[in-house]
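S.K.: only the shape, not the letters, is given here:
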Ligand SMILES: [Zn+2]
């Protein structure tokens, strides 16, 4: 099999490797498409500890090409999407069949080999079948949708709630679409007018430019003087986390969503949170939301067509990494394998 491996920061090589045996409870995938995330860039740059050498990238769509012993529910030819982390299969959650709650998850592409290769072998527990009507490009976004679902369920978002979303990022725009599905009212804040325009295109009516507008004043006006019931802060939004407290009403809730990719420390005043009696939630994984995410994508509740701008071919991966370092890439990059 052919696989890219990162040996040390900025050092990625395409290698011919021995074919992997398909163990018990595992499936072999013929990989079709991968998606690059902030964490993948952090691993490439060495901003994040990884188990080098490592096959990078966790988001993958592929065909099942071989099925190991004891696998039920999957067969050759099924098209699947991979879960974000490999389950340990030993902790209580894994043994109870709740691998999404694994106590020792190893993120693919960091602590466990990822999928930037022509074939992969993965536990049958860590893949989900996707319906035919979803194309590979759309299916790559399933992890983002599941993360957003997890965030909104942690915030207990209800009909009519006003929810500030800090960051018109890929995750932010997806989260806004699901908030609207819950009949909540998203107020999107970002520093980039082009991303706010994309949010508007996705149906977000209230957008605030953090550079040009007095954000607090605008939210105060939009919420009738109350501020927002809850606020989602997206890591990678580039805005200060401390502002989330200013935008949220007393007794409201804040969710910090996404994994830290090592760019800068996130800081917020604890006394300001205490003064307003605000609940804080951290949301870094998808929970039990993959199946729901697949359904919301298949029935077009969430659309992602405007959220990627490049599809790179497999042989251009090294150039892609270097190019992404020098670009202000706000949209997602996909790799066709
Ligand atoms: Zn486990």
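M.R.: Received, thanks. Every value quoted in this text rests on a predicted model; they were computed, and no experiment measured them.
S.K.: just the strands in the stretch 51-200 of the chain please.
M.R.: In chain order, the stretch 51-200 of the chain shows strands spanning 59-67, 79-82, 85-86, 106-107, 119-123, 127-129, 162-166, 185-190, with DSSP state E, counting those that start in this stretch as the criterion.
S.K.: what about residue 21, neighbour count?
M.R.: Close neighbours of residue 21, defined as other CB atoms under 10 Å, add up to 10. Heads up, the C-betas are built off the backbone N, CA and C, glycines and all.
S.K.: quick one: contacts for the residue sitting nearest the centre point of the chain?
M.R.: By CA atoms, centre = their mean, the mean C-alpha position of the chain lies nearest to residue 144, the distance being 3.6 Å. With contact set as CB atoms under 8 Å, 6 or more residues apart in numbering, residue 144 has these partners: 170-171, 174, 304.
S.K.: most neighbours of all the residues you listed, which one?
M.R.: residue 171 (27 neighbours).
S.K.: that one and residue 148 touch, don't they?
M.R.: Yes - counting by CB atoms under 8 Å, residue 148 is a contact partner of residue 171 at 6.4 Å.
S.K.: now the common contact residues for these two.
M.R.: Counting by CB under 8 Å, 6+ apart, the shared contacts of residue 171 and residue 148 are residue 257.
S.K.: quick check: the closest residue to residue 307 other than its chain neighbours vs the ion, distance?
M.R.: Take residue 307 and drop its neighbours on the chain: the residue closest to it by CB to CB, 6 or more residues apart in numbering is residue 170, 5.0 Å away. Between residue 170 and the ion the distance is 28 Å, computed by CB to the ion, to the nearest Å.
S.K.: equivalent analysis for residue 158, please.
M.R.: Using CB to the ion, one obtains 32 Å as the distance from residue 158 to the ion.
S.K.: for that residue, give me phi and psi.
M.R.: Listed backbone geometry of residue 158 is phi -120, psi 160, with angles given as degrees, to the nearest 10.
S.K.: burial check on it, number of neighbours?
M.R.: Other residues within reach of residue 158, judged by other CB under 10 Å, total 12.
S.K.: looking at the stretch 151-300 of the chain, what residue ends up closest to the ion?
M.R.: residue 285 (12.5 Å; CB to the ion).
S.K.: that residue: what's it in contact with?
M.R.: Counting by CB under 8 Å, 6+ apart, residue 285 makes contact with 84-85, 100, 105, 147, 150.
S.K.: now residue 58. Nearest residue, chain neighbours left out?
M.R.: Nearest in space to residue 58, with sequence neighbours left out and distances taken as CB to CB, 6+ apart, is residue 108 at 3.7 Å.
S.K.: what's the pLDDT at residue 269?
M.R.: According to the predicted model, the pLDDT of residue 269 comes to 88.
S.K.: try the one 10 residues further on
M.R.: Each residue has a pLDDT score; the one for residue 279 is 96.
S.K.: next, the contact list for the closest residue to it other than its chain neighbours, please.
M.R.: In space, not counting the residues next to it along the chain, residue 279 is nearest to residue 253; the distance is 4.6 Å by CB to CB, 6+ apart. With contacts defined as CB under 8 Å, 6+ apart, the neighbours of residue 253 are 155-156, 229-231, 278-281.
S.K.: now distance to the ion, secondary structure and neighbour count too, for these, in CSV please.
M.R.: Converted to CSV, these look like this (distance: CB to the ion, whole Å; DSSP: H, G, I helix; E, B strand; the rest coil; neighbours: other CB atoms under 10 Å):
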residue, distance to the ion, secondary structure, neighbour count
155, 26, coil, 25
156, 27, coil, 12
229, 34, strand, 22
230, 30, strand, 29
231, 32, strand, 28
278, 32, coil, 20
279, 27, strand, 15
280, 26, strand, 15
281, 22, strand, 17
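S.K.: can you lay out those as JSON lines showing distance to residue 327?
M.R.: Converted to JSON lines, the contacts of residue 253 look like this (distance: CB to CB, whole Å):
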{"residue": "155", "distance to residue 327": "32"}
{"residue": "156", "distance to residue 327": "38"}
{"residue": "229", "distance to residue 327": "36"}
{"residue": "230", "distance to residue 327": "32"}
{"residue": "231", "distance to residue 327": "29"}
{"residue": "278", "distance to residue 327": "36"}
{"residue": "279", "distance to residue 327": "37"}
{"residue": "280", "distance to residue 327": "33"}
{"residue": "281", "distance to residue 327": "32"}
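S.K.: from these, which single one is nearest residue 89?
M.R.: Of all the contacts of residue 253, the one sitting nearest residue 89 is residue 281; the distance, using CB to CB, is 27.7 Å.
S.K.: does the residue nearest to residue 279 sit in a helix, a strand or a coil?
M.R.: When the structure is split into helix, strand and coil by DSSP: H, G, I helix; E, B strand; the rest coil, residue 253 lands in strand.
S.K.: thought residue 331 was touching residue 170, still the case?
M.R.: Yes - the pair residue 170 and residue 331 qualifies as a contact (CB under 8 Å) at a distance of 6.8 Å.
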